[in-house]
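Asks: Here you go, sequence then predicted model.
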Amino acid sequence: MPINYYIYLSIALFCIGVVGVLTRRNAIIIFMCIELMLNSVNLLLVAFSKMHHMQAAATNATAGIDGQLFVFFIMVVAAAEVSVGLAIIVMMFRNVHSVDVNFLNRLKH
Amino acid sequence: MSVTEILFIFLSVLAVVGAIGVVVSKNPVFSVLWLILTFFCISGHYILLNAQFLAVVNIIVYAGAIMVLFLFVIMLMNLNADTEPKKNKWLKLVSVIAGGCMLLVLVAALKDAETAETLAQTKTGDIGLIEHLGNALFNQYVVPFEISSVLFLSAMVGAVVIGKKGD
């Protein structure tokens, strides 16, 4: 499978995530779009690891394994990020009774 | 057209449709369900690339744990389409144009790149199996692995401190 197809797919998913962050005002959906962007990057890292493995497999049997481990660590950090981020959203909802991110401009007062 | 190509196109279309569904659906619960569809499609891509460990971890961690957490929070807040904050129509249009420009720039940059003949290995290769990943994780990457456990501990403490009632 040509690597270009995977890059195009990842670009499409990433840009949809960016559009979601820009268009929506619901904090939870903004958060989900960030997860979408993280996943598109994960997909691209796995595709690149297999591309590198195909080219360097003759000299190095585990070439490209670093890419897949990076994906593993991205998942670890994303899980930690989600737990803290959702706690922040719950706290915000408890204070202003809305998940509209525009209410966060009160923070400057 | 081979089976691999058909599967690739099917999973890609489904993933993009799911991603668009996340952005356009008014009800946050539907957004979560669309996102789970996208995650399953990405797991299908991992299986196609023979990265079986990551496929399973993606389903367990993302579709399992993180999305259930999102659903819990949405149901806890009793959000639905009526409480959805409204945004200016022109602002939405400008945002879509900005995202489309980013897509255009990236695709245009890739079109002339010298990667057209480079292939990604599908269905074969054993670097995605648990044995090899585990060997690399506990030899070369043992320090980041331990640091990530500290990160989890601090994230847990942080979530409890932020989320608890009263101050």
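Replies: Now that the structure is in, tell me what you want to look at.

Asks: How about A:Met32, nearest residue that isn't a chain neighbour?
Replies: Distances taken as Cβ to Cβ, 6 or more residues apart in numbering or on different chains place B:Leu35 nearest to A:Met32, at 5.3 Å, with adjacent residues excluded. Backbone N, C-alpha and C define where each C-beta goes, glycine included.

Asks: Work out for me the element that neighbour sits within.
Replies: helix B:28-48 (DSSP states H and E).

Asks: what is the mean pLDDT for that helix?
Replies: In this model, helix B:28-48 carries a mean pLDDT of 93.

Asks: Repeat that for stretch B:104-119.
Replies: In this model, stretch B:104-119 has an average pLDDT of 85.

Asks: Between the two ends of it, how far is it?
Replies: Start-to-end span of stretch B:104-119 (Cα to Cα, to the nearest Å) is 23 Å.

Asks: buried sites along it?
Replies: B:Leu106 (16 or more other Cβ atoms under 10 Å in any protein chain shown).

Asks: Same check on stretch A:59-66?
Replies: Within stretch A:59-66, the residues that count as buried by 16+ other Cβ under 10 Å are A:Thr62, A:Ala63, A:Gly64, A:Ile65, A:Asp66.

Asks: Does that stretch reach chain B?
Replies: Yes - residues of stretch A:59-66 contacting chain B under Cβ under 8 Å from any Cβ of the partner chain: A:Thr62, A:Ala63, A:Gly64, A:Ile65, A:Asp66.

Asks: hang on, isn't the last one packed against A:His53?
Replies: Spelled out, that is A:Asp66. No - using Cβ atoms under 8 Å, A:Asp66 is not in contact with A:His53; the gap is 10.6 Å.

Asks: Show me which residues of the helix or strand in which B:Val161 is found are buried.
Replies: In the assignment (DSSP H and E), B:Val161 maps to helix B:142-163. Across helix B:142-163, burial judged by 16+ other Cβ under 10 Å covers B:Ser148, B:Leu151, B:Ala155, B:Ala159, B:Ile162, B:Gly163.

Asks: Next up, the contacts around the fifth one.
Replies: What it means is B:Ile162. Contacts here follow Cβ atoms under 8 Å, 6 or more residues apart in numbering or on different chains; on that basis B:Ile162 touches A:Val84, A:Ala87, A:Ile88, A:Met91.

Asks: Tell me the one among those nearest to chain B.
Replies: Proximity of the contacts of B:Ile162 to chain B was ranked by Cβ to the nearest Cβ; the top entry is A:Ala87 with 4.1 Å.
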